[in-house]
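**Q** give me coordinates for this.
(2 chains)
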Amino acid sequence: MRHRIFVAVVLTCLWSVFVLAVAQTDAKHSQNNSKPQPSGATTRSQTVGEKRFQTNCGRCHNAPEAISPSEARAVVRHMRVRAMLSAEDEKLILEFLAP
Amino acid sequence: MVARVLGALTLIMLVLSAASAQSNIPILSGGAGFLTATQGDNTFFQPVVAPVLVVPLGENWLVESRADLRGFISRENGTTGPYQGRFFGTLEYLQLDYNANSHLTITAGRFLTPFGIFNERLSAIWINKLQDAPLIAAIGTAGGYSDGFMLRGALISNDRYAVNYTAYFSTLSNVTKFESERTTGGRVGVYIPSIGLELGTSYQRKLQNRRMNSFGTHISWTPSGLPLEIKGEWAHSLSGHGYWIQGGYRLSQLGGANSATGRLEPVFRMQQFFRSRHIAGDSLSATNLRRPEFGLNYYLPYEIRLNASYGRQFISQFTDVNVWEFGITYRFLFPLWPGESK
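**A** Model prediction:
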């Protein structure tokens, strides 16, 4: 009996996590789709920013699937400390994540 | 008591952040997972939540914290009896950072001890490609956490190379949930972007009871154009020495990173620990260990990852056990309140 309850609790938790994940990511995708297209100059700095992201952040983990501009600033501030980024790297990576 | 203090601190930080600027949106990030492991005949289940709170305060200040809330469910007598669970809560870091300039960040509070690369960079459950920490993870990290202050940053950073550093001092603390040892140390790493190679070295000196030094070196190689990463560490202390080296290759070249095959990542890790002398409370294996492991990670959409691994642990020359591990992890990220859209 205890075993069944345990399995039921585990399955419920896993299902809840999955549903939360789907809901969260769908909301972010719809938010990101409404972003304006960057200009040419911004695109260039984004390319550099992407390179800096890959060399600094991508060494340890994958890029987040979706991130809103309001989250990106705090994430990059966090990563400046974690990944020991310079101020220039922080700026470029922020432009890449939140153009 | 500690929970109340932390709750009050969190509330104060959120209010300060709200007052400081609307662009500084605090976030709640982290990971959740359900891990299972079978070592020999013993099976364990571990539901884990590891929230990360990040609260920017103005342009130069930042408060960040990570906890590890973990259940440990196993049979009462190891291999027989009913399942029973215990709960563990660990405050892994709670630190105040000040970005003094482009090359220096000053940190005070509780932080992850910077020794090698595993403890600081890879220990999060949504990053670590294999469930377990390396056998040598306790060398030079003083339990993993330090209470004190730290200087860190990028000494030089350009397109050709980057030099990063940390230096810290940790005080002795016996406060519940804030335990730490009196130590000092640091780490230096050199990264060459053109070949994706980082080499570094770490040092720690324990300043209480039996004073001793720990040394370590690390390597991280992520060649550009290949979804390959190789990481490794070697560490030495009075207790013993050892190494781990790990390779992961995501099969994204077969149909792209989002194809059914491209989401798969085989991982291999080899590690050994050699005990030199017994020192009480060093959190290392009492005997020599050798453990080759092979794992498969599968990256599902919505930041969900499945992982499975098999390893064989050789304990001295006489005993060996199979280690099977399965898990599911989910990486989450939420703003704590709505902010500007751009």
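
**Q** alpha carbons only for contacts and neighbour counts from here, please
**A** Noted.

**Q** isn't B:Gln95 right up against B:Thr105?
**A** No - B:Gln95 sits out of contact with B:Thr105 when judged by Cα atoms under 8 Å, with a separation of 11.7 Å.

**Q** ok, now which ones touch B:Gln253?
**A** For B:Gln253, the contact set (Cα atoms under 8 Å, 6 or more residues apart in numbering or on different chains) comprises B:227, B:262.

**Q** three-state assignment of B:Thr105?
**A** B:Thr105 falls in the strand class when you classify it by DSSP: H, G, I helix; E, B strand; the rest coil.

**Q** any idea how far the closest residue to it other than its chain neighbours is from A:Ile93?
**A** The shortest distance from B:Thr105 to any non-neighbouring residue, by Cα to Cα, 6 or more residues apart in numbering or on different chains, is to B:Asn99 (4.4 Å). Counting by Cα to Cα, to the nearest Å, the gap from B:Asn99 to A:Ile93 is 17 Å.

**Q** quick one, which of these two is more surrounded?
**A** When neighbours are counted by other Cα atoms under 10 Å in any protein chain shown, B:Asn99 and A:Ile93 differ, and A:Ile93 comes out ahead with 29 against 21.

**Q** ramachandran angles for the more buried one?
**A** With angles defined as degrees, to the nearest 10, A:Ile93 sits at phi -70, psi -40.

**Q** please parse chain A into its domains.
**A** Following automatic domain parsing, one gets these domains for chain A: A:1-34, A:37-99.

**Q** pick out the shakiest of these, pLDDT-wise.
**A** Mean pLDDT is lowest for domain A:1-34 out of those, coming in at a mean of 49.

**Q** low-confidence ranges in chain B?
**A** B:1-23, B:339-342 (pLDDT under 70).

**Q** quick one, helices of it?
**A** B:2-20 (DSSP state H).

**Q** likewise chain A?
**A** Using DSSP H, helices in chain A cover A:2-33, A:40-56, A:69-82, A:87-97.

**Q** and the stretch 101-250 of chain B, which of its residues are near chain A?
**A** B:101-103, B:105, B:120-122, B:127, B:152-154, B:157, B:164-165, B:193, B:196, B:220, B:222, B:229 (Cα under 8 Å from any Cα of the partner chain).

**Q** out of those, which are buried?
**A** By neighbour count, with 16 or more other Cα atoms under 10 Å in any protein chain shown, those hold B:102-103, B:105, B:120-121, B:127, B:152-154, B:157, B:164-165, B:193, B:196, B:220, B:222, B:229 as buried.

**Q** ok, A:Phe96 - contacts?
**A** Contacts of A:Phe96 (Cα under 8 Å, 6+ apart): A:45-47, A:49-50.

**Q** for B:Arg269, state which of the residues you listed is nearest.
**A** When these are compared for distance to B:Arg269 (Cα to Cα), A:Glu50 wins out at 29.1 Å.

**Q** gap between the residue nearest to that closest one when sequence neighbours are not counted and A:Thr47?
**A** In this structure, A:Glu50 finds its nearest non-sequential neighbour in A:Phe96, 5.7 Å apart by Cα to Cα, 6+ apart. Separation of A:Phe96 from A:Thr47 (Cα to Cα): 7 Å.

**Q** A:Lys91 now?
**A** Counting by Cα to Cα - A:Lys91 and A:Thr47 are separated by 13 Å.

**Q** repeat that for A:Arg82.
**A** For A:Arg82 relative to A:Thr47 (Cα to Cα), the value is 22 Å.

**Q** tally of neighbours for B:Asp41?
**A** Neighbour tally, B:Asp41, other Cα under 10 Å: 11.

**Q** and it, what does it touch?
**A** So B:Asp41 contacts B:78-79 (Cα under 8 Å, 6+ apart).

**Q** then the one 5 residues further on?
**A** Applying Cα under 8 Å, 6+ apart to B:Gln46 gives the contacts B:34-36, B:70-73.

**Q** partners of the strand of greatest length in chain B, with directions?
**A** If you go by DSSP state E, chain B has its longest strand at strand B:83-101. Using DSSP bridges, strand B:83-101 pairs in its sheet with strand B:61-75 (antiparallel), strand B:104-112 (antiparallel).

**Q** next, the buried residues of the longest one.
**A** Read it as strand B:61-75. For strand B:61-75, using 16+ other Cα under 10 Å, the buried residues are B:61-75.

**Q** now that strand and helix A:69-82, what's the angle there?
**A** 80 degrees (axes from the mean of the first three to the mean of the last three Cα atoms, to 10 degrees).

**Q** do the same with the shortest one
**A** Angle between the axes of strand B:104-112 and helix A:69-82 is 90 degrees (criterion: the same axes, to 10 degrees).

**Q** strand B:104-112 vs helix A:87-97, what angle?
**A** Going by the same axes, to 10 degrees, strand B:104-112 makes 70 degrees with helix A:87-97.

**Q** what do you get for the first one?
**A** An angle of 70 degrees separates the directions of strand B:61-75 and helix A:87-97 when computed by the same axes, to 10 degrees.

**Q** what sits up against strand B:61-75?
**A** Contacts of strand B:61-75 (Cα under 8 Å, 6+ apart): A:77-78, B:13, B:30, B:42-57, B:81-99.

**Q** how far out from the middle of the chain is it?
**A** How far strand B:61-75 lies from its chain's middle: 12 Å, per Cα atoms, centre = their mean, to the nearest Å.

**Q** now stretch B:29-48
**A** 16 Å.

**Q** CA atoms of it as CSV?
**A** What follows is stretch B:29-48, C-alpha atoms only, in CSV (Å, rounded to 0.1, in the frame of the first residue of the first chain):
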residue,chain,number,x,y,z
SER,B,29,15.7,30.3,-11.4
GLY,B,30,17.1,26.9,-10.7
GLY,B,31,16.2,23.3,-11.3
ALA,B,32,14.0,20.5,-10.1
GLY,B,33,14.5,16.8,-10.5
PHE,B,34,13.8,13.3,-9.5
LEU,B,35,16.9,11.1,-9.3
THR,B,36,17.2,7.4,-8.7
ALA,B,37,20.4,5.4,-8.0
THR,B,38,21.0,1.8,-7.5
GLN,B,39,24.4,0.9,-6.0
GLY,B,40,24.8,-2.9,-5.6
ASP,B,41,21.5,-3.9,-4.1
ASN,B,42,20.7,-0.5,-2.5
THR,B,43,18.2,1.7,-4.3
PHE,B,44,17.7,5.4,-3.5
PHE,B,45,15.2,8.0,-4.7
GLN,B,46,15.9,11.7,-4.5
PRO,B,47,13.3,14.4,-5.3
VAL,B,48,15.3,17.6,-5.5
